[in-house]
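K.L.:
Need a 3D model of the following:
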Amino acid sequence: MWGIIPAAGCGSRIQPLAFSKELLPVGSRFDGGAERPRAVSEYLCERMIRGGADKLCFVIAPGKSDIMEYYGGSYGPAAIAYVVQPEPVGLCDAVFRAAPFIAPDEEVLVGLPDTVWLPADGFRELPGDRLSFLLFPVDRPQAFDAVRTDAEGRVLEIEVKQPAPATNWIWGALRMPGHILHDLRRLWLARDGSDEYLGTLVNAYLARGGAAAGVKAGEHYVDVGTLEGYRAAHRLLAPPRQPEAGVHATAGAPAGRRRAAAGGRVASGLEQWT
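P.N.:
Take a look at the predicted model:
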């Protein structure tokens, strides 16, 4: 199974930075007994691995070699490939840059590397035999792509950054078979590559008889690409407060599992891949 990680954006909403926004430190981990910062994109990598991915493909811009230097050729049990998006012309173009690697019978996960979301095993909630979206409730859906579904969870429409969307459920990640990825790419090419956002392309796919599922299994979703979101991510990942002296906690958060690649644990208490 492949995980596609579009990481070619310039991160203009959170500049100035001296490095790629996907390496922004959010939370921490223990490495050899020492606590070290954790790059925000590691959370997506781990969620993809928990969802079954054994191969990851970063789609990067020509000047973002620091991502290659940070990750190298693997992350935990997953091998990593890199593809270059020459120009920042949208999410559709970025995702389809990875298509030549992916066979029609392989499954594909897609997520955004400047986000942090829970539950950590959300990809497991998505069916692998169709195009499916992991949906999250948010307070400001107009800043995202809201997804309207019917009572059975069939996607009716994706409202791309609409000022007054009909729902507060947005998509944060998706899963599909490789043959559907190639179908979407062919449709995108037939539309002269005019779709910058994945939502408008999926709407065209649905209008032509395609189907997609929306799974409302998401709990928390934070876009770390803004200063406000960066602060929110730190609050989301903050370790639970220790009880004061003489006060007994009734329940404790489970410690994060050991990181396969570095032999550490997540300081925030979030679980890692199993």
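
K.L.:
So residue 87: helix, strand or coil?
P.N.:
Of the three states, residue 87 takes coil according to DSSP: H, G, I helix; E, B strand; the rest coil.

K.L.:
Any idea how many residues pack against it?
P.N.:
9 (other Cβ atoms under 10 Å). For glycine as for every other residue, the C-beta is placed from the backbone atoms N, C-alpha and C.

K.L.:
quick one, phi/psi of it?
P.N.:
Here is the backbone geometry of residue 87 (degrees, to the nearest 10): phi -130, psi 150.

K.L.:
Same question for residue 151.
P.N.:
Backbone torsions for residue 151, taken as degrees, to the nearest 10, come to phi -60, psi -20.

K.L.:
What's the local residue count around it?
P.N.:
Residue 151, neighbours per other Cβ under 10 Å, totals 5.

K.L.:
Low-confidence ranges, the stretch 151-274 of the chain, go.
P.N.:
For the stretch 151-274 of the chain, the stretches flagged by pLDDT under 70 are 239-274.

K.L.:
in it, which spans are strands?
P.N.:
Ranges of strands within the stretch 151-274 of the chain are 155-160, 169-177, 212-215, 220-223, based on DSSP state E, counting those that start in this stretch.

K.L.:
Tell me which of the ones you listed sits nearest to residue 23.
P.N.:
strand 220-223 (16.2 Å; Cβ to Cβ).

K.L.:
so what strands line up beside the closest one?
P.N.:
strand 115-118 (antiparallel) (DSSP bridges).

K.L.:
Pull the contacting residues for the closest residue to residue 20 other than its chain neighbours.
P.N.:
The shortest distance from residue 20 to any non-neighbouring residue, by Cβ to Cβ, 6 or more residues apart in numbering, is to residue 64 (4.8 Å). Applying Cβ atoms under 8 Å, 6 or more residues apart in numbering, we find residue 64 in contact with 7-8, 20, 22.

K.L.:
Could you do residue 220 as well?
P.N.:
117-118, 136, 236.

K.L.:
switch to 6 Å and redo it
P.N.:
Neighbour list for residue 220: 118, 236 [criterion: Cβ atoms under 6 Å, 6 or more residues apart in numbering].

K.L.:
Who does it form a beta bridge with?
P.N.:
Counting by DSSP bridges, residue 220 is bridged to residue 118.

K.L.:
Just the residues contacting the lengthiest helix in the chain, thanks.
P.N.:
Under DSSP state H, the helix in the chain containing the largest number of residues is helix 178-190. The contact list for helix 178-190 (Cβ under 6 Å, 6+ apart) reads 92, 96, 99, 102-104, 106, 108, 131, 195, 201, 205.

K.L.:
let's see it at 10 Å
P.N.:
Outside of helix 178-190, the residues within contact range by Cβ atoms under 10 Å, 6 or more residues apart in numbering are 1-2, 4, 90, 92-93, 95-108, 110, 129-132, 176-177, 193-195, 198, 200-202, 204-205, 208, 210-212.

K.L.:
Now list the buried members of these.
P.N.:
1-2, 4, 90, 92-93, 95-99, 102, 107-108, 110, 131-132, 176-177, 195, 198, 200-202, 204-205, 210, 212 (16 or more other Cβ atoms under 10 Å).

K.L.:
quick one: which of the residues you listed sit in helices?
P.N.:
Residues of the buried ones among the contacts of helix 178-190 located in helices (DSSP H): 92-93, 95-96, 198, 200-202, 204-205.

K.L.:
Nearest the geometric middle of the protein, what residue?
P.N.:
With distances taken as Cα atoms, centre = their mean, the residue of the chain nearest its centroid is residue 111 (2.6 Å).

K.L.:
what's the distance between residue 23 and residue 224?
P.N.:
In this structure, residue 23 and residue 224 are 11 Å apart, going by Cβ to Cβ, to the nearest Å.
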